[in-house]
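A.B. asks: Generate a structure from the sequence data that follows.
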Amino acid sequence: MSLKLHLKPGEKIIIGGAVVRCGTRPVEFVVENNVPILRHKDIMTESAATSPARRVYFLLQLIYIDNGSGGSIDSNCIAAYRELEQEIVTFVPSTRKYFDQINIDISAGRLYQALKAAHGLMDYEQQLLNLSHGAGELVA
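C.D. replies: Numbers count the residues shown, from 1 in each chain. All right, here's what the predicted structure looks like:
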């Protein structure tokens, strides 16, 4: 199954582990085989993984890219993910539903879908942070 991609000038994309940046003109191309692809908006740098949920996403991103480029799932990344999962669920039990979905996707080899589920976890984390900041303002 092929995938048609459109890149804006300067936009980055990861294809099969390679970072590709568009030049000065927009470009359209088709990827003909099944490789991991992350569009610019879905790429997270390590320095941007500044919260627990964002670190989960970053680890899953590494797993997705590494696994799809012919390797097997990196046991170090999986171990780091599992440790982070345990810490987060211990402190915020309501996150369990997100991790359940992520784990189902990982087990089924649907690593891109696991990334999408991690987006939900990041959104939920932001909601909790917004609530805690709002509660602090009410008390002050």
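
A.B. asks: which sections of the protein are below the confidence cut-off?
C.D. replies: Scanning the chain for pLDDT under 70 picks out 68-72, 134-140.

A.B. asks: So which residues of it form helices?
C.D. replies: 52-68, 75-91, 96-107, 111-139 (DSSP state H).

A.B. asks: give me every residue that touches the closest residue in space to Asp66 that isn't next to it in sequence.
C.D. replies: Distances taken as CB to CB, 6 or more residues apart in numbering place Asp74 nearest to Asp66, at 5.2 Å, with adjacent residues excluded. For every residue, glycine as well, the C-beta is placed using N, CA and C. By CB atoms under 8 Å, 6 or more residues apart in numbering, the residues touching Asp74 are 62-63, 66-67.

A.B. asks: what do you get for Ile106?
C.D. replies: Here Ile106 is in contact with 63, 114 (criterion: CB under 8 Å, 6+ apart).

A.B. asks: wait, what's in contact with Ile14?
C.D. replies: Taking CB under 8 Å, 6+ apart, one finds 20, 36-38, 43, 65 in contact with Ile14.

A.B. asks: who's it bridged to?
C.D. replies: For Ile14, the beta-bridge partners under DSSP bridges are Val19, Leu38.

A.B. asks: mind putting the helices of the chain in a markdown table, distance to Ser2 included?
C.D. replies: Shown next, in a markdown table, are the helices of the chain (distance: least, CB to CB, whole Å):
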| stretch | distance to Ser2 |
| --- | --- |
| helix 52-68 | 16 |
| helix 75-91 | 29 |
| helix 96-107 | 23 |
| helix 111-139 | 16 |
